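sharing a model prediction with you, sequence too.
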Amino acid sequence: MKRQLTTLTDATLITAVVQSGYGEIVTDALLEVGIQGASVHSAMGIGIRERLGALGVAVDAERDIVTVIVSSDEVDRLFERVYLAAKLDTPGMGFMYATPLVQAATYVPPSILKRFEN
Amino acid sequence: MARKKSLRFGDFIQAMSVDSHKIPYIELMPEPLFDRHGNEFPQPIPKIKMGGGEIIKLLQPYISTRFMDQARAVVPLAAYLGLFQYLVLKTPVIDASIIAGGLLAVMVGLMMFMEGLKLGLMPFGEVIGNNLPRKLHLSGVLFIAFLLGIGVTFAEPAIGALQVAGSIVDPEKAPYLFTLLNDKSGSTVLLVGLGVGLAAVLGTVRFLRGWSLKPLIFMSLTPTLILSIIAFFDPELNKIVGLAWDCGAVTTGPVTVPLVLALGIGVASAAGKGADSSLSGFGIVTLASIFPILGVLLLSFYTAYTVPPEVIIARAAEIKAAAELASNQPEWYQLTPWSEVILGVRAIVPLVIFLGFVLFVVLRERIKEASIMNYGIFLAVAGMCVFNIGLTYGLAKLGDQSGGLIAGAFSSVEAISASPLYSLSVGIGIAGLFAWVLGLGATLAEPALNALGMTVQNLTNGAFKKSMLMGAVSIGVATGIMLGVLKLIFDFHILYILLPGYALGLFLTVLSTEEFVNVGWDSAGVTTGPVTVPLVLAMGLGFGNALGSTEGFGILAAASICPIVAVLSLGLYVQFKVKREERLTALNMNQTEDISGRV
């Protein structure tokens, strides 16, 4: 039997660089809306801390980078959800962006594939 | 399956909930600067100026998350003690506002101290741990590890609780205990520190050579237990045993563990070992809680050999008289904010000077972001001072009070006029249950336990679940504290708990695998944080005083051995279960093969 590869189209990558510890908060918010999974990486950030002077101590140099692939139709909604969950409307909390993807693929269970057969 | 796209849901939601704007990025970038030759030169970096509202928005999450971390550990415990006192013992909390202020100081102090530790002291530890082994010979590294062990002991917040506890001890009843905690308290802490230093050295060598922890446990516990037994038969020294074993639990706190580990792991990874083994972090904590016991026991033997008890009693009376004389006109450094500030500075500053000396003189390294580190050191010192104030007026006072009052459940105490409130058996049951729940709650709230649970879950590929470990340790500590309280009620010697407990622990150690031995013995040190230790110590002393027993130490010691036994036995059970499952699957596979073979 041939092995199968199913590609997902209309996918967009959302990447959010957030304060360390907020990675889990963001992924929880994403799981609530039915996202299947997301990755969290640990990283160090530079920039704002040095420019804030004494207040820079309130900005943690340790960062979580959350990457998640969402449907292109839902980008705005989920982008906003991540923005609010990570409290990006606060100074020094982080940065996020969305990138269109050409194609994406993962394991798709046969029961779901069946729905697309016709 | 395609959705209707007449109105996108996202647009709808966005219009409803946020006020969104769009700005082209180029508008935010400064004009590029060129010199005469057309080469671009670096932009000046302007400082960001923020308005009051923005500053509050920036600081609010910074402070609130850190404060909540501490509040989660302190508030439920304090509420439990207060409510228990009010509902079961029918006595309102005396000096409630002072205690509330003290507890607030504990939370604020710990918040500042932990942040200062992370920003100010940990970078030292990491840089030294990474660079020292490359620049110095092993013996030099071990010597510095040894000195570091002493330094961190003085900086441990819970160590101050010993001094506070010392002021409650009656010199007539237990002269050696009194002298070890009062005029010789410096030597006591120093010997505890020597023990931690020795543990740091042995633990580091263990990383490098890949020794098993089992023989180390046997070799360090055997003399400790033998000395305890010898002390037990001496009428004066047997009051020391509880304190000595409590010291083991006091040392392994939030300063010692990460700093000593950073150095040990640095040494191991520089030698190309340990970094890949997830077990390399363990073992030091265990040794660092056994060696100080040995140290304090030896000190007490030395004191008993050189100083007769009469001298101590006479000196205690002198000190008391001097204190009474001074209480009319106390010196400025004995008054409340200043004495705590001096304690705080004395705890942290020597450690910082030592770390700085190693870093700048021995290693000739520089620290990036020196201003942030200075801020961290300042926070650590300030936090320690505030914590010390909270320790005296919050934790120690509350623990002492609850301990004193809980005795009223089954015997008559002055503070409760209607005491004994309950019949003897019911009252003792209530006291035991109170201690059990206190231990359970205090342990589950400890953040270090959560981290240990995750490590263990990863180590055993999920066979030993995080919740199982947390449950085992908490129930172990709860049972230990209950046993400790029962020890005070029935006034038997702590050795009757410790000897069978450690014998059982050693027996289980022989049977267990290396992983579980590491995790099990370390679990005891992990559970006793800077909130639990002072509270339980003070509670034990208050309880002991109310009952008229000679000394209230030993509860923490009992709370150390029980989780070890609990985790080791649970580990054996998990091992047994995994083996049985393997055998069953193997059996099933054989059977299916048989069947398919027949078909």
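Received it, and whenever you're ready, just let me know what you need.

would you mind finding the longest helix in chain B?
helix B:555-598 (DSSP state H).

give me the residues contacting the helix or strand of chain A at the bottom of the mean pLDDT ranking.
None of the helices or strands of chain A scores lower by mean pLDDT, DSSP states H and E than helix A:48-51, at a mean of 75. By Cβ atoms under 8 Å, 6 or more residues apart in numbering or on different chains, the surrounding residues in contact with helix A:48-51 are A:Gly56, A:Val59, A:Ala61, A:Pro91, A:Gly92, B:Ile45, B:Pro46, B:Lys47, B:Ile48, B:Ile372. Heads up, the C-betas are built off the backbone N, CA and C, glycines and all.

can you list contacts of the helix or strand just after it?
Counting by DSSP states H and E, the next helix or strand C-terminal to helix A:48-51 is strand A:62-71. Applying Cβ under 8 Å, 6+ apart, the set of residues contacting strand A:62-71 from outside is A:8, A:10-24, A:26-27, A:30, A:35, A:37-45, A:78, A:82, A:86, A:94, A:101, A:104.

what comes up buried for strand A:62-71?
For strand A:62-71, the neighbour count (16 or more other Cβ atoms under 10 Å in any protein chain shown) marks A:Arg63, A:Asp64, A:Ile65, A:Val66, A:Val68, A:Ile69, A:Val70 as buried.

for the second one, give its distance to B:Leu294.
Spatial separation of A:Asp64 from B:Leu294 under the definition Cβ to Cβ, to the nearest Å is 43 Å.

returning to that earlier point: now do the longest helix of chain B, average pLDDT.
Averaged over helix B:555-598, pLDDT sits at 80.

equivalent analysis for stretch B:401-416, please.
pLDDT averaged over stretch B:401-416 gives 77.

ok and the residue in chain A nearest chain B?
A:Asp76 (3.4 Å; Cβ to the nearest Cβ).

and that residue, how many neighbours does it have?
18 (other Cβ atoms under 10 Å in any protein chain shown).

ditto for A:Ala61
18.

that one: what's it in contact with?
Counting by Cβ under 8 Å, 6+ apart, A:Ala61 has contacts A:Met44, A:Gly45, A:Ile46, A:Arg49.

touching chain A at all, the host helix or strand of B:Thr455?
Using DSSP H and E, B:Thr455 falls within helix B:447-459. No. On the criterion Cβ under 8 Å from any Cβ of the partner chain, helix B:447-459 is out of touch with chain A, staying 12.6 Å away.

show me where pLDDT drops low in the stretch 51-200 of chain B?
Judged against pLDDT under 70, the stretch 51-200 of chain B has no low-scoring part.

can you show me the helices along it?
Ranges of helices in the stretch 51-200 of chain B, per DSSP state H, counting those that start in this stretch, are B:52-87, B:96-116, B:122-135, B:138-155, B:159-166, B:175-181, B:185-209.

to chain A, which of the ones you listed lies closest?
helix B:52-87 (3.9 Å).

relative to helix B:96-116, how tilted is the closest one?
In terms of direction (axes from the mean of the first three to the mean of the last three Cα atoms, to 10 degrees), helix B:52-87 departs from helix B:96-116 by 130 degrees.

tell me the buried residues in helix B:52-87?
For helix B:52-87, burial by neighbour count (16+ other Cβ under 10 Å) applies to B:57-58, B:61-62, B:66, B:70-71, B:73-74, B:77-78, B:80-82, B:84-85.

so which elements touch it?
helix B:96-116, helix B:396-406, helix B:424-444 (3 or more Cβ pairs under 8 Å, 6 or more residues apart in numbering or on different chains; DSSP states H and E).

let's have the ones you listed in a markdown table, adding mean neighbour count and distance to chain A.
What follows is the helices and strands packed on helix B:52-87, written out as a markdown table (neighbours: other Cβ atoms under 10 Å in any protein chain shown; distance: least, Cβ to the nearest Cβ, whole Å):
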| stretch | mean neighbour count | distance to chain A |
| --- | --- | --- |
| helix B:96-116 | 21 | 8 |
| helix B:396-406 | 26 | 31 |
| helix B:424-444 | 20 | 20 |
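
reformat those as TSV; add distance to B:Leu568.
Output for the helices and strands packed on helix B:52-87, formatted as TSV (distance: least, Cβ to Cβ, whole Å):
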stretch	distance to B:Leu568
helix B:96-116	31
helix B:396-406	30
helix B:424-444	17
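
quick one, which of the ones you listed gets closest to B:Ile290.
helix B:424-444 (20.4 Å; Cβ to Cβ).

write out the residues of the stretch 101-250 of chain B neighbouring chain A.
B:Leu119.

just to revisit the earlier point, host element of the residue of chain A closest to chain B?
helix A:75-85.

just the buried subset of the contacts of strand A:62-71, please.
By 16+ other Cβ under 10 Å, these give A:11-12, A:14-19, A:22-23, A:26-27, A:30, A:35, A:38, A:40, A:45, A:78, A:82, A:86, A:94 as buried.

go back to the residues you listed and keep what's next to chain B.
Restricting these to those near chain B by Cβ under 8 Å from any Cβ leaves A:Gln19, A:Leu78.

out of the buried ones among the contacts of strand A:62-71, which sit inside helices?
Per DSSP H, those map to helices at A:Tyr22, A:Gly23, A:Val26, A:Thr27, A:Leu30, A:Leu78, A:Val82.

B:Val127 against B:Glu365, yeah?
Yes. With contact defined as Cβ atoms under 8 Å, B:Val127 counts as touching B:Glu365 (5.7 Å).

so what sits against both of those two?
B:Leu359.

which strands or helices does the helix holding A:Asp76 pack on?
Looks like helix A:75-85 contacts strand A:11-19, helix A:22-32, strand A:62-71, strand A:94-100, helix B:9-17 (3+ Cβ pairs under 8 Å, 6+ apart).

quick one: closest of the ones you listed to B:Met468.
Here helix A:22-32 is closest among the helices and strands packed on helix A:75-85 (Cβ to Cβ), at 22.1 Å.

packing partners for that closest one?
strand A:39-44, strand A:62-71, helix A:75-85.
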